[in-house]
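In: Have a look at this prediction, sequence included:
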Amino acid sequence: MNGAGPLLEIRNLTIRYREDDRRITAVRDISFSLKLGGSLAIVGESGSGKSSVAGAILDFLGPAAEVTGAILFEGQDLAALAPAQRRRILGRRIGAVFQDPFTSLNPALRIGRQIAEPMVQHLGLRPAEALGRAEAALQEMGIDRAAEVARAFPHQLSGGMKQRALIAAALACEPPLLILDEPTTALDVTVEAQILRLLSRLRRDKGITLLFISHNLGVVRRLCDEVAVMYASQLVELGGVDRVLEHPAHPYSKGLLASRPPLAAASRGSRLAAIGGQMPTIAKPDTGCVFAPRCPFQEPRCNAGPQSLTMTPDGRPVRCWKSDSLGSWPYQLVMPSVAPVFRRGDALINATELSKIFEGRGGLIGWRLSVARGRPRLHRQPRRVAAVSDVSFSISPGEVLGLVGESGCGKSTLGRLLLQLLRQSGGSVEFDGADLARLPAQALSPFRKQAQIVFQNVGSSLNPRLSVGEALERPLALFSLAKPRDRIRRVEALLEMVRLPAAHRNRFPHQLSGGERQRVAIARALATEPRFVVCDEPVSALDVSVQATIINLLADLRDKFGLSYLFISHDLAVVAQLSDRIAVMYRGRICEIGTAAEVLAPPYHPYTRILLASAVDDDQAPEPTAGRLAGAAQAGCVFAARCPHKLGSLCDTQPPPLRAASASHTIACHLDTFPVSLPCVSVDRAAVGTG
Amino acid sequence: MVARLTDLTVATIVRRRSRLPASLIVGGALVLILLTIAALAQWIAPYPYDQMHIRDRFLPPGLHYLAGTDEYGRDVFSRLLFGSQLSLALGVTATLISMGIGVPLGLIAGYRRGVTDELIMRTLELMMAFPPIMLVLLILAVTPPSLMKTAIAIGVLAVAPIARVTRSVTLDLMSGEFIEAARARGERLGYMLMRELLPNVWPVLMVEASLRVVFAVLLGAVLSFLGFGVQPPAADWGLMISNGRAFVDTAPWISLAPGIALSITVIAVSLLGDGLREVLDPRLGSGR
Amino acid sequence: MAAYVAQRLATVMVIMVAMSVLVFLATHALPSSAAALILGQYSTPETLAALEHKLGFDLPLPVQYWHWARGMLQGDMGQSLEMERPVAPILWDALGRSAILAATAMTVVSTLGLTLGVVAAVWRGRWPDHAASIFTYFGVSLPEFYWGLVFILVFGSTLHLLPTSGYANLSDGLGAFSSHLVLPVATLALTLLAHVARLTRSSMVEALESMYVKVARARGLPERLVIVRHALRNALLPSITVLAQDFGFLIGGIVAVETVFAYPGLGRMLVGALERQDLPLMQAAILVLTAVYCLANLTADLLYGVANPRIRYGGSID
């Protein structure tokens, strides 16, 4: 083992996949090195090839992959080793954590056993001893009830706990290198922040070397010293994380950073700087720069031949011959707009004390066998979950209300209640003054025409068996919005409205990219000429560079048609970009509601404060105490169990009053003075937001 | 409606025509041949199935009688050809019956959930609590057997598995948001089932249908073998095997030939089913 | 877990009751009156009516059902119309012999079938997989009775190796006992074996391609450990359900196989009873066979509940 050389060195790594009779190059000629104790992030969007790099090191890729180049770990070329030797190194010297904690754990084995296993295999420990160490490892990961968790099965743990267990398993044999492939992508924002803090601590305390793969630049900043940016199978930039994020050299890096919405309230006319087009799936660098078609700085020389790496003045490799002379990514022109005035009186949608309680399934499954006073009793015990409790707000015509919260807080349920896709358990929804619950069934149809929804999951929001044209024609036919012979023209008009070529009419969803599918979903929602659209996490499943274009599109459509939105997202920065007002939701209740500027500035509800802190990695912010997000209904403040500013039993027993911080800004809290911001959260700086 | 669905399936297959699995091609070809034979049996067969040649009894396979003759001097080969009509008719009819009842049940159970779902599932569970053959025997033993009745009995038996598969695929689809989008438009039940759900369930059903045909053909053969299916002098393969039992030492071809015919049929349909699954399933990603 | 067990037990009881009603109703739809059968050529309208009254056939159906069901529960299965003997003893004897056949066949099917499936999955794409695939293809494409005949032809008539019919008691010697069992068991097991092997293969392949197996390999665990402790444990879970389902096919197979090999078990008895429309025997045989199937399913469900951590330790610990 070479003490002086790098721990991990990748030289000219190229990975090709054989698919049917074609060869797809996923990674082309990548080189980088990682020294002991350092941490490198590989950043790129889906399809850039970043996961394949990790896969090649870990021998994860399967027989269809052809790997060429050198993967030198501690001086040895892993690719050249015999499988048995390589396996030994993998377990003992390299740990790995993957994206999806739900499938990475064996559902049939207890957690402790899975963590102990590599120790038994590689370190030769006895099972009992290894289990003991496993428990200690879990404790180190910040899990209080380590013994209980070690005895538990994966399905009994939450996502965050599972990921902690997986990190413990990866570090079981104390390897010098830890590879993490998008480890927090599947987790909630606050949980993500906790995991990142854990990883920082581990780095500090144990000096572990990290190779971190992500699409999320904000996350990367907190954890890594260096960053490598990948685009369409190639390395386009490599350098210290601060340099790259403050002064990106490659146009793609510039574009990626510029297209992130800042964590600040935006004026109605502002649009995000976006990267047009999409990443090519089969890159042909031999004909020129892969990024050229999307690059605002491109010129004929860019397409003359393959682009090689050059050096920036400060010694960073970058794959752009013009990088020295480039300015910043061109910003979108801010459209002239008048700040609208919304009068509360003429609300389009009015929600009053809405609540929704889900009962567990009845039938035979709801029965529980219990022993009470020494005698067994069989009784019904349906599980009740209060998804939404006592929510009231209104949305005026043309207004966008942003709804922000983590998974399980009930925001999706709330969106569906407004559209009457779910029946509320209590309270009312009024649309244009009419109480929807009281309308007879046939009167609901005109309402449905005026209120539509766009979903998060681009994979399943379009019927895979219907072509785009058929999917768009259906609403036209259903609501008789166009005569049969006019429908095709209307469909083409809709496609144009969402900036898709008319020819896409005949395509099927599986032939479209994620961004294109979302545009079709938006077109479908707008086909009925609605006045109100619920946008349920419409950009969360999209790549960062595509998110900006969709957000801009939604803003343009809002202005053009005077639409109102309920814009739901877990991402504060995205919500802030589009919303006039923002509501923060936690476990079924609205904690804080006000204009975007008011909510993002102090005073804050304690939960809002934590959300903001997670978004910008504020180490000074108080951490929420551990606990689950969703659960049964209870008296008192829903956030009490996790609130760092808890006032004691008052918060547990009494529901918090609504305090008015200003005419339009309400906070539901027992506190008299609210947490005020610390210097990190400043609304002028274009901070890098959450992913 | 059915035309549109078949259209979809054919389109899916044609789209991948360069990479069709061998099982689909071989299976499909064999099935086509079998169907042709069954359709044209009257004209292909050298002799009518019930024509007895008393002097030519127990003849081994030869030039005049390709598969030999049986105890009544009937040409086994001709009887095989006519038997294919019975077996295929049974398989297809039973499957159509089971799908005609099972698919709507599964769709409704999966779509509606709640009480409707529980009710349907409990009934299906009850039906599946019987060992398969018991249910059919029960029906056939208490009424005079006939081909139609056998088909209906087997069809009813297969309703439960088809409904269960349909339901489980429907449940998977229900989590897809295009269903909610349709509901947000206020679509009715009929439209939801027919235009949104069914086209997506169809590929899995095609695969399942081929399995059901195999099952029906085999079960029908067992029933005839036991004497509860088609009655003599029909040229049913199971019946032929049963008749030939007594002579298995001296004239084995009487039993063996229909067995070979049966196996070719079953293998052909199985291959077709496997091929369909390879082509259609990965697109849908439905687990079985 | 407790809720799961309770639910299963409740379901089984409901099914048993519903089944008995169905069996009773179906057999009472017989075209020929049981009484006419007994009297044979001596039946006249008067004697018919008298006998029907004596046998209780003129009582309303629910009452008849109640008498019959009560009798069943007390072990009185009525009197065989044809043999004019109580049904219960002959039925239990026959059940015993069928049970030997079924138990042996199931053992063979589970051990060989699971092994074959696992081997095919671990070596998928290579020759063991192809060989297994061909074998299973033929296994599932031909019904048991056909294989039975082939075996009789080959092993009995041609090679004279094994007896092709009947049954020998254990008291007649282990050799005779087992030699009578070989062919019927082999026939029964063949088709089911193929079925189990195929399904095990596919669930094993799914386990081998799952993320947690890949993760285990990435941790450097030896392949054998990965296959056995990680993949196999998860793959065997669905196999329990498959085996239970196959038990149903086994019962069907028993009917056919016992007929082919003239094995004096319950299946053959049932066929005889159906042919001769021997009502009490029919009812009892069908009921018993279905009850056995129900119990087998219940056992499988309980086993599954124990083996699946999601059911055994439900809920979360947060």
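Out: Yes, it's here.
In: what residue ranges in chain B are flagged as low confidence?
Out: B:1-19, B:141-142, B:281-288 (pLDDT under 70).
In: okay, now the domains of chain A?
Out: Following automatic domain parsing, one finds the domains of chain A at A:34-59+A:81-224, A:349-533.
In: what's the burial count for residue A:487?
Out: 17 (other Cβ atoms under 10 Å in any protein chain shown). For the C-beta atoms, the positions are set from N, CA and C on the backbone; glycine is no exception.
In: which regions of the stretch 501-650 of chain A lie under the pLDDT threshold?
Out: A:617-634.
In: Repeat the analysis, applying 80 as the threshold.
Out: Within the stretch 501-650 of chain A, the stretches with pLDDT under 80 are A:603, A:614-635, A:641-642, A:644-648.
In: Contact residues of it facing chain B?
Out: A:510, A:521, A:524, A:525, A:528 (Cβ under 8 Å from any Cβ of the partner chain).
In: Of those, just say which sits nearest to chain C.
Out: Chain C has its nearest neighbour among these in residue A:510, at 21.7 Å by Cβ to the nearest Cβ.
In: Where does that closest one sit: helix, strand or coil?
Out: helix (DSSP: H, G, I helix; E, B strand; the rest coil).
In: I'd like to know which of the residues of the stretch 501-650 of chain A next to chain B are buried.
Out: Buried positions within these, assessed by neighbour count (16 or more other Cβ atoms under 10 Å in any protein chain shown), are A:521, A:524, A:525, A:528.
In: Leaving out the residues flanking it, which one is nearest to the third one?
Out: Pointing back at residue A:525 there. In space, and not counting its chain neighbours, residue A:525 is closest to residue A:452: 3.9 Å by Cβ to Cβ, 6 or more residues apart in numbering or on different chains.
In: Contact partners for that neighbour?
Out: By Cβ atoms under 8 Å, 6 or more residues apart in numbering or on different chains, residue A:452 lies in contact with A:419, A:525, A:526, A:528, A:530, A:532, A:533, A:534, B:184, B:185.
In: and if we set it to 7 Å?
Out: Taking Cβ atoms under 7 Å, 6 or more residues apart in numbering or on different chains, we find residue A:452 in contact with A:525, A:528, A:530, A:533, B:184.
In: What residues does chain A have near chain B?
Out: Taking Cβ under 7 Å from any Cβ of the partner chain as the contact definition, chain A meets chain B at A:20, A:363, A:419, A:421, A:444-445, A:448, A:452-453, A:455, A:457, A:460-465, A:475, A:478, A:524.
In: could you dump the host helix or strand of the residue nearest to residue A:525 to CSV, C-alpha only?
Out: For residue A:452, the element it lies in under DSSP states H and E is strand A:451-454. In CSV, the C-alpha atoms belonging to strand A:451-454 read as follows (Å, rounded to 0.1, in the frame of the first residue of the first chain):
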residue,chain,number,x,y,z
ALA,A,451,-60.1,22.7,-11.6
GLN,A,452,-57.4,20.3,-12.7
ILE,A,453,-54.2,18.7,-11.4
VAL,A,454,-50.7,18.0,-12.4
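In: Heading C-terminal from it, find the next helix or strand.
Out: Assigned by DSSP H and E, the successor of strand A:451-454 is helix A:468-478.
In: Name the nearest residue to whatever residue of the stretch 101-250 of chain B ends up closest to chain A, ignoring sequence neighbours.
Out: Scanning the stretch 101-250 of chain B for the residue nearest chain A gives residue B:176, at 3.5 Å (criterion: Cβ to the nearest Cβ). Nearest residue to residue B:176, sequence neighbours excluded (Cβ to Cβ, 6+ apart): residue A:460, at 3.5 Å.
In: burial of that neighbour, as a residue count?
Out: By the measure other Cβ under 10 Å, the count of residues near residue A:460 is 20.
In: Phi first, then psi, for it.
Out: Note on residue A:460: backbone dihedrals following degrees, to the nearest 10 are phi -120, psi 10.
In: And it, how far from residue C:115?
Out: Relative to residue C:115, residue A:460 is positioned 39 Å away (Cβ to Cβ, to the nearest Å).
In: buried subset of the residues of chain A next to chain B?
Out: Burial by neighbour count, judged by 16+ other Cβ under 10 Å, picks out A:419, A:421, A:448, A:452-453, A:455, A:457, A:460-465, A:475, A:478, A:524 from those.
In: For the residue of the stretch 151-300 of chain C found nearest chain A, list the residues it contacts.
Out: Closest residue of the stretch 151-300 of chain C to chain A, Cβ to the nearest Cβ: residue C:220 (2.2 Å). Going by Cβ under 7 Å, 6+ apart, residue C:220 touches A:87, A:88, A:90, A:91, A:92, A:118, A:121, A:122.
In: Export the residues you listed as JSON lines, with columns for secondary structure.
Out: Formatted as JSON lines, the contacts of residue C:220 follow (three-state DSSP):
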{"residue": "A:87", "secondary structure": "helix"}
{"residue": "A:88", "secondary structure": "helix"}
{"residue": "A:90", "secondary structure": "helix"}
{"residue": "A:91", "secondary structure": "helix"}
{"residue": "A:92", "secondary structure": "helix"}
{"residue": "A:118", "secondary structure": "helix"}
{"residue": "A:121", "secondary structure": "helix"}
{"residue": "A:122", "secondary structure": "helix"}
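In: so can I have a markdown table of the residues you listed showing pLDDT?
Out: Shown next, in a markdown table, are the contacts of residue C:220 (pLDDT from 0 to 100):
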| residue | pLDDT |
| --- | --- |
| A:87 | 84 |
| A:88 | 84 |
| A:90 | 85 |
| A:91 | 82 |
| A:92 | 88 |
| A:118 | 91 |
| A:121 | 88 |
| A:122 | 88 |
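In: Using PyMOL, define a selection of the buried residues within those.
Out: To isolate the buried ones among the contacts of residue C:220 in PyMOL, judged by 16+ other Cβ under 10 Å, type:
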select buried, chain A and resi 87+88+90+91+92+118+121+122
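In: and the contacts of residue C:220 as JSON lines, adding distance to residue A:243?
Out: Output for the contacts of residue C:220, formatted as JSON lines (distance: Cβ to Cβ, whole Å):
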{"residue": "A:87", "distance to residue A:243": "38"}
{"residue": "A:88", "distance to residue A:243": "38"}
{"residue": "A:90", "distance to residue A:243": "33"}
{"residue": "A:91", "distance to residue A:243": "35"}
{"residue": "A:92", "distance to residue A:243": "35"}
{"residue": "A:118", "distance to residue A:243": "37"}
{"residue": "A:121", "distance to residue A:243": "42"}
{"residue": "A:122", "distance to residue A:243": "38"}
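In: Ranking helices and strands of the chain by mean pLDDT, which lands last?
Out: Reading this off chain A. Lowest by mean pLDDT, DSSP states H and E among the helices and strands of chain A is strand A:367-372, with a mean of 45.
In: wait, I meant chain C there
Out: helix C:34-39 (a mean of 61).
In: which residues of the stretch 101-250 of chain C score low on pLDDT?
Out: Using pLDDT under 80, the stretch 101-250 of chain C drops low at C:140-142, C:156-179.
In: and it, which residues reach chain B?
Out: Taking Cβ under 7 Å from any Cβ as the criterion, the stretch 101-250 of chain C approaches chain B at residues C:137, C:141, C:142, C:143, C:145, C:146, C:149, C:152, C:153, C:157, C:248, C:249.
In: Please repeat the previous calculation with a cut-off of 6 Å.
Out: Residues of the stretch 101-250 of chain C lying close to chain B by Cβ under 6 Å from any Cβ of the partner chain are C:141, C:142, C:143, C:145, C:146, C:149, C:153, C:157, C:248.
In: Please identify the deepest-packed of the domains of chain A.
Out: Mean neighbours per residue, mean count of other Cβ atoms under 10 Å in any protein chain shown, is largest over those for domain A:34-59+A:81-224, with a mean of 21.
In: Let's see the distance spanning that one from one end to the other.
Out: Criterion Cα to Cα, to the nearest Å; first-to-last residue distance in domain A:34-59+A:81-224 is 11 Å.
In: How far off centre is that domain?
Out: Its chain's average C-alpha position is 20 Å from that of domain A:34-59+A:81-224, according to Cα atoms, centre = their mean, to the nearest Å.
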